[in-house]
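**Student:** for reference, the sequence and a predicted model appear below.
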Amino acid sequence: ANPCRVNPIPRPILTGGKTRHSLRLTILLSGLISFIAIYMEVYFVMTSFWNYKFYFLYDYLLIVFIMLLAVTSCSAIVVVYALLNWEDYRWAWTSFFSGYSISLWLMLYAVFYWNFHTAMHGRLQTTLYFAYSLLGCAG
């Protein structure tokens with residue numbers, strides 16, 4: 001009745017070695033690939049939001065957002081494919097983290113932008129900047 005025979009005993013997964021470390025690196029690199037795809041648009045949006053410049057390319061922003069969704073989903077699919085080739089059946093959270101790891105790169109860029117492109121000083125401005133950046137990265 002079944003097209004193939006399945007073993008009811010799961011295979012052991014290697015807990016140490018290269019697999020786990022390369023998996024973490026793969027998750028971070030999948031977020032970096034997604035960040036590189038939208039880097040310039042993030043710069044223009046942050047400049048318009050924090051340096052009071054006008055931004056008029058909303059249709060281009062929509063195209064870049066659709067491109068970000070496509071690149072992020074494709075990189076998550078590649079990470080899950082690599083996990084399944086390593087015969088690791090615990091792929092669900094890894095697929096989530098590989099797609100969500102772009103938020104880490106966006107937050108690192110927000111810290112970089114705050115240090116080198118803004119002239120903010122004071123506790124209130126810093127708190128508002130990082131609170132909005134954290135909401136933008138987590139949302």
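**Tutor:** Cool, got the structure. Numbering: from 1, shown residues only.
**Student:** drop to CA atoms for contacts and neighbour counts, all remaining ones
**Tutor:** Noted.
**Student:** look up how far residue 43 lies from residue 54.
**Tutor:** According to CA to CA, to the nearest Å, residue 54 stands 13 Å off from residue 43.
**Student:** residue 98 is in contact with residue 28, correct?
**Tutor:** Yes: using CA atoms under 8 Å, residue 28 is in contact with residue 98, at 7.0 Å.
**Student:** higher neighbour count, the two?
**Tutor:** The residue with more neighbours, out of residue 28 and residue 98, is residue 98; 27 against 19, by other CA atoms under 10 Å.
**Student:** could you tell me how many residues sit around the closest residue to the more buried one other than its chain neighbours?
**Tutor:** In space, and not counting its chain neighbours, residue 98 is closest to residue 27: 4.5 Å by CA to CA, 6 or more residues apart in numbering. Applying other CA under 10 Å, we find 22 residues neighbouring residue 27.
**Student:** name the element residue 27 belongs to?
**Tutor:** For residue 27, the element it lies in under DSSP states H and E is helix 18-50.
**Student:** quickly note the distance from residue 139 to residue 24.
**Tutor:** 22 Å.
**Student:** re the thing from before, neighbour count winner among residue 54 and residue 43?
**Tutor:** Looking at residue 54 and residue 43 with other CA under 10 Å, you find the greater number of neighbours at residue 43, namely 15 against 11.
**Student:** tell me who's in contact with the spatially most central residue of the chain.
**Tutor:** Nearest to the mean C-alpha position of the chain, counting by CA atoms, centre = their mean, stands residue 102 at 1.6 Å. Residues counted as contacts of residue 102 (CA atoms under 8 Å, 6 or more residues apart in numbering) are 28, 30-32, 34-35.
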